[in-house]
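**Student:** Return atomic coordinates for the entry below.
(chains A and B)
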Amino acid sequence: MAARLEVLALQAEVAQREEELSSLKQRLATALLREQEPEPERMVSVSPLPPKAALSRDEILRYSRQLVLPELGVHGQLRLATASVLVVGCGGLGCPLAQYLAAAGVGRLGLVDYDVVEMSNLARQVLHGEALAGQAKAFSAAASLRRLNSAVECVPYAQALTPDTALDLVRRYDVVADCSDNVPTRYLVNDACVLAGRPLVSASALRFEGQLTVYHYDGGPCYRCVFPQPPPAETVTNCADGGVLGVVTGVLGCLQALEVLKIAAGLGPSYSGSLLLFDALKGHFRCIQLRSRRSDCAACGERPTVTDMQDYEAFCGSSATDKCRSLQLLSPEERISVTDYKRLLDSRAPHLLLDVRPQVEVDICRLPHSLHIPLKHLEQRDEESLKLLGDAIQEEKQDTQEGAAFSIYVICKLGNDSQKAVKILQSLTAAQVLDSFTVRDVVGGLMAWAAKIDETFPQY
Amino acid sequence: MAAPLSVEVEFGGGAELLFDGVKKHQVTLPGQEEPWDIRNLLVWIKKNLLKERPELFIQGDSVRPGILVLINDADWELLGELDYQLQDQDNVLFISTLHGG
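**Tutor:** Sure thing, here's the model as predicted:
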């Protein structure tokens, strides 16, 4: 009995100490951030790194495994120590890239990111931890890198790279790594690198695939040589919509770090003028030969028209973030808020809730009373799905009073696909494929439901 | 009269999603009067392989901006773009560029 009591007492004490420890960690994280916070809204000014004549005893020990590589050697390590690299984006690519550059002893890392750490970042953005959720990624990455290698100077820029700041910033660094996640920023970084004469190591990843190349190096093509025109905004998929496996961004970020290191150490890159394609599902690496520099390129051609920074969001027709866009396809009368839908649900008004997300997302979470038909099936006017819908309508209608209007509410993750589905359903009733009914979509979708109505509902 | 051609057509970077998710297609292009070039191939692909939303793949008589065309692993711009005349056993890869990170 006494032994049992002691166990309980000790358990209670351990729990209390753990709570104290967790609170201490939180305070430490906040303090670390405060310590690093520069003057707001001003780019930190950095002076050029001085040349370095020799490695210290500590440096020799620390970098010994790479120092004995004849291709690198002391000479290469000294070059790394005086090199500066601008990392644009501290996400899935930027984290592993910056981690390996810091570990290898690059002299200075500029870390650009306007965004804050979210829980959904942690599966791939490996420099950020739970304790710093909600804090700026640039500071979180800098804090993490400082723990790894205190000799590396990390300069966090917790703001977006803009046409006003990009050129000035790029000029202060020797090599630029584009680890961004959107099209306008890719053009912005390219133009700044061309104007400042800096090599650009660029990588991207989505789903199970990644792409890597080096632009504007030693007469090679720039991003605009290969992509003179931006893709239509509706063809661009972000990681939130398309999904991405963390290790895929990890592989690409590491390959990108390798190219940066080779340039910084004077070994020269492998992927100037060629593009590496990585297919993680098949396990294939494939290298393709890109075109050479375009003599009529708007940025790096013989008579460039891009002689200063432009309006990249206007050029690309999309914003310089990877946040999901909000479509406005329907009028306010054709939409319902989650609050009003909840009221309607509580009043037991007969209706049909149609969930149009893909199956993979329905597997994650769903409202139990919803009928699931993916948008794609509606777009294809899939016969089986239309029959399923027709039957469900008939069944619900039996509870509706004679002559009363019957309503369908369409829901998806964020309220974009649901609007498209409403348009399709409207055309189906107009064509008398389905009985007449009023159809509206739920603004903000299931994520609004999770945020405003049911906090136990998963967010993804 | 050009003889039928056997070519491998591949899609990647998400472009395969317009083709039922199938990345690799072994296709036989029928014999025809004109030699097969990429311009004809795009028309053939639109008619025979493309499953949905052609505007996400084709724009005018070419591919939309943001899709790279590689012929035997080389940028088509090195080989005459739409006018490149296909050879038997050629590999043509359409890669949608990724922007995520």
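**Student:** contacts, neighbours, all on C-alpha from now
**Tutor:** OK.
**Student:** Please, which helix or strand holds A:T429?
**Tutor:** Using DSSP states H and E, A:T429 falls within helix A:417-430.
**Student:** What is the top strand by length along chain B packed up against?
**Tutor:** Using DSSP state E, we find that the single longest strand of chain B is strand B:5-12. Packing partners of strand B:5-12 (3 or more CA pairs under 8 Å, 6 or more residues apart in numbering or on different chains; DSSP states H and E): strand B:24-29, strand B:91-96.
**Student:** ok, the first one near chain A or not?
**Tutor:** It stands for strand B:24-29. No - on the criterion CA under 8 Å from any CA of the partner chain, strand B:24-29 is out of touch with chain A, staying 12.0 Å away.
**Student:** And the contacts of that strand?
**Tutor:** Under the criterion CA atoms under 8 Å, 6 or more residues apart in numbering or on different chains, residues B:P4, B:L5, B:S6, B:V7, B:E8, B:V9, B:E10, B:F11 lie in contact with strand B:24-29.
**Student:** how does it look with 6 Å?
**Tutor:** Where contact means CA atoms under 6 Å, 6 or more residues apart in numbering or on different chains, the residues beyond strand B:24-29 that reach it are B:P4, B:L5, B:S6, B:V7, B:E8, B:V9, B:E10.
**Student:** same deal with stretch A:256-274?
**Tutor:** Stretch A:256-274 is contacted by residues A:G76, A:R79, A:L80, A:L97, A:T213, A:V214, A:G220, A:I288, A:Q289, A:L290 when judged by CA under 6 Å, 6+ apart.
**Student:** neighbours around the first one, how many?
**Tutor:** Which is A:G76. The local packing of A:G76 (other CA atoms under 10 Å in any protein chain shown) involves 20 other residues.
**Student:** Give me the phi and psi angles of it.
**Tutor:** Phi and psi for A:G76, reported as degrees, to the nearest 10, are phi -60, psi -40.
**Student:** hmm, back to that, can you say which of the helices and strands packed on strand B:5-12 is packed in most?
**Tutor:** Comparing the helices and strands packed on strand B:5-12 by mean neighbour count (mean count of other CA atoms under 10 Å in any protein chain shown), strand B:91-96 comes out on top with a mean of 22.
**Student:** hmm, that one touching chain A?
**Tutor:** No - Strand B:91-96 stays clear of chain A (CA under 6 Å from any CA of the partner chain), getting no nearer than 9.2 Å.
**Student:** Next, the angle from that strand to strand B:24-29.
**Tutor:** Between strand B:91-96 and strand B:24-29, the angle formed by their directions is 130 degrees, by axes from the mean of the first three to the mean of the last three CA atoms, to 10 degrees.
**Student:** now strand B:91-96 and strand B:5-12, what's the angle there?
**Tutor:** Orientation check (the same axes, to 10 degrees): strand B:91-96 against strand B:5-12 gives 20 degrees.
**Student:** Strand B:91-96 pairs with which strands, and in what direction?
**Tutor:** strand B:5-12 (parallel), strand B:67-71 (antiparallel) (DSSP bridges).
**Student:** List the contacts of that strand.
**Tutor:** Under the contact criterion CA under 6 Å, 6+ apart, strand B:91-96 has outside partners B:7-13, B:15, B:67-72.
**Student:** Could I get those in CSV, plus columns for pLDDT and neighbour count?
**Tutor:** Compiled in CSV, the contacts of strand B:91-96 are given as follows (pLDDT from 0 to 100; neighbours: other CA atoms under 10 Å in any protein chain shown):
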residue, pLDDT, neighbour count
B:V7, 97, 18
B:E8, 97, 17
B:V9, 97, 19
B:E10, 97, 19
B:F11, 97, 22
B:G12, 96, 22
B:G13, 95, 25
B:A15, 94, 21
B:I67, 96, 22
B:L68, 96, 22
B:V69, 97, 23
B:L70, 96, 22
B:I71, 97, 23
B:N72, 97, 15
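**Student:** No further queries at this time; thank you.
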